[in-house]
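J.: task: produce atomic coordinates for the following.
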Amino acid sequence: MQALNLKTFSNILFLIAFVCGIFMLTGRTFGYRTEIHTVFFLTGAVALIMSLVASRQEISRGDFNILYWIGNLIIFIGLLLKTYNFHYDTYVIFGGIAISAISYFVNPFSNERDQEQEDELLDQ
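T.: Numbers count the residues shown, from 1 in each chain. This next block holds a predicted model:
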């Protein structure tokens, strides 16, 4: 039940960040560019962390992949660097994308024994 509440709250924060992002992309900040920018980054970061905690609580499903979350956090950091015009921001973003892409093929915490048992059930 707590994981559901965390997911709901993180989705609300993602929605707020998405709306702020739309305002920033369309240039309709109504004189509150700095505030909208700050709300965008804060709600996005908090929602990302809360989503990580919520998915970590549901680890019993077996589909939790820490590489995916590490890649997403690195992408977020890269976007922050890009926003504030720091050097090497593109490398950080591409590094996060690469880690996220690798996570689709490799799960360091998957239990191969469980997968073998599932394969045996399908073969019978």
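J.: send the alpha carbons of stretch 15-23 over as CSV?
T.: Presented in CSV, the C-alpha positions along stretch 15-23 are these (Å, rounded to 0.1, in the frame of the first residue of the first chain):
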residue,chain,number,x,y,z
LEU,A,15,3.1,15.7,-14.0
ILE,A,16,4.1,19.0,-12.4
ALA,A,17,7.6,18.8,-13.9
PHE,A,18,6.1,18.0,-17.3
VAL,A,19,3.8,21.0,-17.2
CYS,A,20,6.7,23.2,-16.2
GLY,A,21,8.7,21.7,-19.1
ILE,A,22,6.0,22.6,-21.5
PHE,A,23,5.9,26.2,-20.2
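J.: which pLDDT value goes with residue 51?
T.: Listed pLDDT for residue 51 reads 81.
J.: and what of residue 12?
T.: So residue 12 comes in at 90 (pLDDT).
J.: which secondary structure elements does the helix or strand harbouring it contact?
T.: Residue 12 is part of helix 2-26, with elements assigned from DSSP states H and E. Using 3 or more CB pairs under 8 Å, 6 or more residues apart in numbering; DSSP states H and E, the elements in contact with helix 2-26 are helix 33-57. Placement of C-beta: from N, CA and C, glycine included.
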